[in-house]
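Visitor: Sequence first, then the predicted structure, then my questions.
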Amino acid sequence: MKKQFLLAIAIFGFATFSLAQDISDNAIGLRLGDSDGFGAEISYQRALGDNNRLEADLGWRSGSGFDGFKLTGLYQWIWQLDGDFNWYAGAGGGIGSYSFDAFGISDNETFFFAAGDIGVEYNFDIPLLVSLDFRPELGFGDFSNDLDFDIALGVRYRF
C-alpha cells in the first residue's frame, strides 16, 4: 500500500512538471477590476524559470468616497492546461494608501496586506496575453483590516 501511494505521488509529480511550458520572459500591460469600485493597475511580469514568475502591480482605486493607490508583488507558479491556455496560482503582498472624504469625514490611511492569486490566461499567437484572476487580500491597517476579494481582467504585451 505504501509503495502504491509513493508511486501515485511520483506519477502525479511527473505529470504536473512535464506539462510545464516556457513562459514569456516579460509581459507588461493593464489589470482592470476591483471589488470596491473600478480600479486599474499597471502590471509587469518577469519569468524566473520555465513555470514560475514574479508579478508587480501598481494600481489606482476609486469608489464611493475614496481614492488611493496600491502596490502589489506576487510570486506565481504556472501550469499548462491545453496548448497556449494556462492556469496559475501565487502568493505575495503589498502596501496601499487611501484617502477618504465621505459623510463629512476626511482621513488618509496607509496599510499593508497579504495576497493570494489564482487565475487562467491565454497566450495568443501574437505577443498578447489575456488573463482573468481572483486575488483574495487580507489587510492590516485602519482602512483595510479585513478580507477583500479582488477580481480582474488582465491584458498584457509579451516580450
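Guide: Done, it's in. Bear in mind that the values here come from a model prediction, so they are computed numbers and not experimental data.

Visitor: alpha carbons only for contacts and neighbour counts from here, please
Guide: Noted.

Visitor: Walking through the protein, point out its strands one by one.
Guide: 26-32, 39-47, 52-63, 66-82, 85-102, 105-123, 128-140, 147-158 (DSSP state E).

Visitor: Okay, buried residues for the longest one please.
Guide: Pointing back at strand 105-123 there. Using 16 or more other CA atoms under 10 Å as the test for burial, strand 105-123 gives 110-123.

Visitor: where in this protein is pLDDT low?
Guide: Applying pLDDT under 70 to the chain flags the ranges 1-22, 35-38, 142-145.

Visitor: give me that answer again for 90
Guide: 1-24, 33-40, 60-70, 98-109, 139-150 (pLDDT under 90).

Visitor: now do the same end-to-end measure for stretch 47-56.
Guide: Using CA to CA, to the nearest Å, the end-to-end distance of stretch 47-56 comes to 12 Å.

Visitor: Not counting it itself, show me its contacts.
Guide: Identification of contacts with stretch 47-56 by CA atoms under 8 Å, 6 or more residues apart in numbering yields 20-26, 43-46, 71-79.

Visitor: Please list only the buried members of the residues you listed.
Guide: For the contacts of stretch 47-56, buried by 16+ other CA under 10 Å: 20-21, 23-24, 26, 43-46, 71-79.

Visitor: For Gly94, which non-adjacent residue is closest in space?
Guide: Thr72 (4.4 Å; CA to CA, 6 or more residues apart in numbering).

Visitor: Just grab the bridge partners of that neighbour for me.
Guide: Beta-bridge partners for Thr72, by DSSP bridges, are Asp57, Gly94.

Visitor: who's in contact with it?
Guide: Ala56, Asp57, Leu58, Gly92, Gly93, Gly94, Ile95.

Visitor: isn't Glu121 right up against Ser131?
Guide: Yes: counting by CA atoms under 8 Å, Glu121 does reach Ser131; the two are 4.0 Å apart.

Visitor: The residue positioned nearest the centre of the chain: what's it in contact with?
Guide: The residue lying closest to the centre of the chain (CA atoms, centre = their mean) is Asp117, at 4.6 Å. By CA under 8 Å, 6+ apart, the contact list for Asp117 reads Leu74, Gln76, Tyr88, Ala89, Gly90, Ala91, Asp133, Phe134, Arg135, Pro136.
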